[in-house]
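I'd like to go over a predicted model; first the sequence, then the structure.
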Amino acid sequence: MLFSPNPHYPIGSAGVHPVAPAELLGWLELAFTVPLRSGQTLLLTVPAPRLPVERLLADAPEHGFLWDDGHHVTCAGLGRALTVRGFGGRRALRIHDQLRSINCSLVQIHHASVDAPPPRFFGGMSFSPLGRARSLDDAWLGFEDADFTLPEILYGHGAGDTAYLRFAWSAEELSDKESAHRAIERIFETFDRLNRPRRWSSDPSPSHARLIDPARDDVESRDWKTGVEHLCRRLQVEDLHKVVTARTRRRHLSETPPWDQLLSATRFASEAGSDPERSDAGFRFAFARESRLFFGWTPERLIQRRGLQIRTEALAGTAAGSSSDAKARLLTSSKDRREHQLVADTLRLRLRPFCDSLVSSAAPETRWTNGVCHLRTPLHGRLKHAISALSLGAVLHPTPAVGGLPSAAALRWIQDWEGDRGWYASPIGWIDTRGDGDLAVALRCGLLNRSDGELRTFAGAGIVHGSDPQRELEETELKEKSFLRTFGLDEETT
């Protein structure tokens, strides 16, 4: 044996596919004898204890992520084994080409007890294509135009009570027995990290992290309302139907909580069932780059592709209050119904050329998430040809739910009024080498700078003819409060 792990360490889910350390060690030693050619990457997947996936991020890594769609994919990752990037208007196509070339270089080995998912690349892109000559604002240090990563370590939940760990190494990193020894040590060190006790295991609320100074707006609320009034006048006389304008607000935390604690707050809120009217939980996400953490819990899917089957949704029109009151107001509001219809019609128009069939409900339904109610029209269809999820995302983004109509004119307004949005309101999620993927729209989110404790929050409102600037301002505040409440970040009260 190369190495002897702790014989008492509980590897595998309790009562489901348990694997004794000695047995796993023997399997690993055999797995590392598989020959690799230069340029290949080994993906090794083993059973793991089922614990909160955010534990993998406990040490605030410089590069990591969390993705939880509330149904099928719950995982966290560390490091960059392979990264695909794109720049400018053809960024999705460039990434697609890179993924096709990577596919044949992946060597996958799975323990027999693991139902391993296909290799997935996690990441996102900026709201507007940047090109090689431009970069995002310094606040988005480490975030790129379009950037998806196959992590060095992936920890995820499988079916039932199972869980898995996947490790990635290049052929050059496994050149001899000593390097295989180090790889096995890393596997068992990761088990130790996951099982490390956390003091907030029963109460994840970051109770010591409070917002200690008043919010500072990049555009003062009075000026923002004035801008909306000006925009409403333009909507009356120009061929401009809708613009989604957003606010950025800055605060500071009294201290920066450990990232796994911060991200646990949403999981506990969901499991507690404190909101009897809670519906679809949406997507919980986080992306760490250097000293920044972009994180949130968005209700909106952009596109999902499984083979030739696709799903998306129009989500526009917002109301607060009790679930029944908010639903009634939305369904009878001509302004919200008109705003929503623009989004639903545009999704159909953009997807129909690629689909043999595309089906949606005749009238919108409502979705209630985290104290906010939206109008929602789900759409699903079958593709004529296997266009990738990321390419479909590029066709749809930005939808009128986050940009406007006509798109080019709305985007000019956004660029002039707000500047670069970074990854806010942008496509985020996962894609794979087969073209499948699941992309959401990055909403209900914030950008945390670990270095100085600054937290930037983002919230937008759709402006159409008949919009009331005061109500639109209140809508942005409602969405921001929903985000802060979701992550346990309360205002300082002392």
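The structure has been received and is ready for your questions.

partner strands of the host helix or strand of residue 154, parallel or antiparallel?
Element membership for residue 154, per DSSP states H and E: strand 153-157. Paired neighbours of strand 153-157 in the sheet (DSSP bridges): strand 74-78 (antiparallel), strand 163-170 (antiparallel).

In contact with residue 228, which residues?
Shown in contact with residue 228 (Cβ atoms under 8 Å, 6 or more residues apart in numbering): 245, 463, 467, 469, 472, 473. For glycine as for every other residue, the C-beta is placed from the backbone atoms N, C-alpha and C.

Can you give me the separation between it and residue 417?
Taking Cβ to Cβ, to the nearest Å as the measure, residue 228 falls 10 Å from residue 417.

what sits up against the strand holding residue 154?
Applying Cβ under 8 Å, 6+ apart, the external contacts of strand 153-157 come out as 48, 50, 53, 55-56, 73-79, 117, 120, 163-168, 190, 194.

now it, how far from the chain's geometric center?
A distance of 15 Å separates the centroid of the chain from that of strand 153-157, by Cα atoms, centre = their mean, to the nearest Å.

got the CA positions of that strand in PDB?
Output in PDB follows, covering the C-alpha atoms of strand 153-157 (Å, rounded to 0.1, in the frame of the first residue of the first chain):
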ATOM      1  CA  ILE A 153     -12.600  18.800  -6.900                       C
ATOM      2  CA  LEU A 154     -16.300  18.400  -7.300                       C
ATOM      3  CA  TYR A 155     -18.600  17.400  -4.300                       C
ATOM      4  CA  GLY A 156     -22.200  16.600  -5.100                       C
ATOM      5  CA  HIS A 157     -25.300  14.900  -4.000                       C
END
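
before we move on, the earlier item: need the overlap of contacts for residue 228 and residue 417.
residue 245.

Compute the first-to-last residue distance for stretch 149-166.
This stretch, stretch 149-166, spans 14 Å end to end (Cα to Cα, to the nearest Å).

what residues are up against the residue nearest the centre of the chain?
Nearest to the geometric centre of the chain sits residue 285, at 3.9 Å (Cα atoms, centre = their mean). Neighbour list for residue 285: 65-68, 295-298, 428-429, 440, 442, 445 [criterion: Cβ under 8 Å, 6+ apart].

and it, that's in a strand?
Yes. Counting by DSSP: H, G, I helix; E, B strand; the rest coil, one finds residue 285 located in a strand.

can you tell me the average pLDDT over the strand holding residue 154?
Averaged across strand 153-157, the pLDDT comes to 97.

Can you point out the buried residues in stretch 35-53?
Of the residues in stretch 35-53, those with enough neighbours to count as buried (16 or more other Cβ atoms under 10 Å) are 36, 40-53.

can you give me how far that stretch is from the chain middle?
Centre-to-centre, stretch 35-53 and its host chain are 22 Å apart (Cα atoms, centre = their mean).

So which residues of the stretch 1-150 of the chain form strands?
Under the criterion DSSP state E, counting those that start in this stretch, strands of the stretch 1-150 of the chain are mapped to 41-47, 63-68, 74-78, 82-86, 106-110, 120-125, 146-150.

And the helices in this protein?
Here the chain has its helices, by DSSP state H, at 21-31, 91-103, 177-195, 221-237, 259-272, 323-332, 334-351, 389-396, 407-418, 469-486.

Show me where the stretch 251-400 of the chain dips below the pLDDT cut-off.
For the stretch 251-400 of the chain, applying pLDDT under 70 flags the ranges 266-281, 321-322.

how does it look with 90?
Along the stretch 251-400 of the chain, the model assigns pLDDT under 90 to residues 252-282, 316-336, 338-339, 361-363, 366-374.

if we can go back for a sec, relative to residue 252, which of the strands of the stretch 1-150 of the chain is closest?
Set against residue 252 and scored by Cβ to Cβ, these come closest in strand 63-68, at 23.1 Å.

Partner strands of that closest one and their direction?
Applying DSSP bridges, strand 63-68 is found paired with strand 74-78 (antiparallel), strand 283-289 (antiparallel).

Just the CA atoms of the shortest one, as CSV, please.
Pointing back at strand 74-78 there. The C-alpha coordinates for strand 74-78 follow below in CSV (Å, rounded to 0.1, in the frame of the first residue of the first chain):
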residue,chain,number,x,y,z
THR,A,74,-26.5,20.1,-6.0
CYS,A,75,-22.8,20.5,-5.9
ALA,A,76,-19.7,22.6,-5.0
GLY,A,77,-16.3,22.8,-6.7
LEU,A,78,-12.8,23.9,-6.1
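
hmm, back to that, quick one, which of the strands of the stretch 1-150 of the chain is nearest to residue 31?
Distance to residue 31, taken as Cβ to Cβ, is lowest for strand 106-110 among those, at 5.1 Å.

Was I right to think residue 390 contacts residue 431?
Yes. The criterion here is Cβ atoms under 8 Å, and residue 390 meets it with residue 431 at 5.0 Å.

got the buried residues for stretch 369-383?
Under the neighbour-count criterion of 16+ other Cβ under 10 Å, stretch 369-383 has 369-379, 381, 383 buried.

Just flag the most distant two among these.
For the buried residues of stretch 369-383, the farthest-apart pair by Cβ to Cβ is 371 and 383; their separation is 36.0 Å.

Which residue is the nearest non-sequential neighbour of residue 439?
Closest residue to residue 439 apart from its sequence neighbours, by Cβ to Cβ, 6 or more residues apart in numbering: residue 429 at 4.0 Å.

Hmm, I typed the wrong one, I wanted residue 413.
Closest residue to residue 413 in three dimensions, ignoring its sequence neighbours and counting by Cβ to Cβ, 6+ apart: residue 243, at 5.1 Å.

swap in residue 224?
Among residues not flanking residue 224 along the chain, residue 247 sits closest, at 6.0 Å (Cβ to Cβ, 6+ apart).

Contact partners for residue 103?
By Cβ under 8 Å, 6+ apart, the contact list for residue 103 reads 433, 434.

Surely residue 403 is in contact with residue 413?
No. At 9.6 Å, residue 403 does not count as touching residue 413 under the criterion of Cβ under 8 Å.

neighbour count winner among those two?
residue 403 (26 against 19; other Cβ atoms under 10 Å).

now the strands of the stretch 1-150 of the chain as TSV including distance to residue 27?
Formatted as TSV, those follow (distance: least, Cβ to Cβ, whole Å):
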stretch	distance to residue 27
strand 41-47	8
strand 63-68	27
strand 74-78	22
strand 82-86	24
strand 106-110	9
strand 120-125	23
strand 146-150	23
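
In a markdown table: these, plus distance to residue 94 and mean pLDDT.
Putting the strands of the stretch 1-150 of the chain into a markdown table (distance: least, Cβ to Cβ, whole Å; pLDDT from 0 to 100) gives the following:
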| stretch | distance to residue 94 | mean pLDDT |
| --- | --- | --- |
| strand 41-47 | 20 | 96 |
| strand 63-68 | 21 | 96 |
| strand 74-78 | 22 | 97 |
| strand 82-86 | 4 | 96 |
| strand 106-110 | 19 | 95 |
| strand 120-125 | 11 | 98 |
| strand 146-150 | 8 | 97 |
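
Alright, that wraps it up for me.
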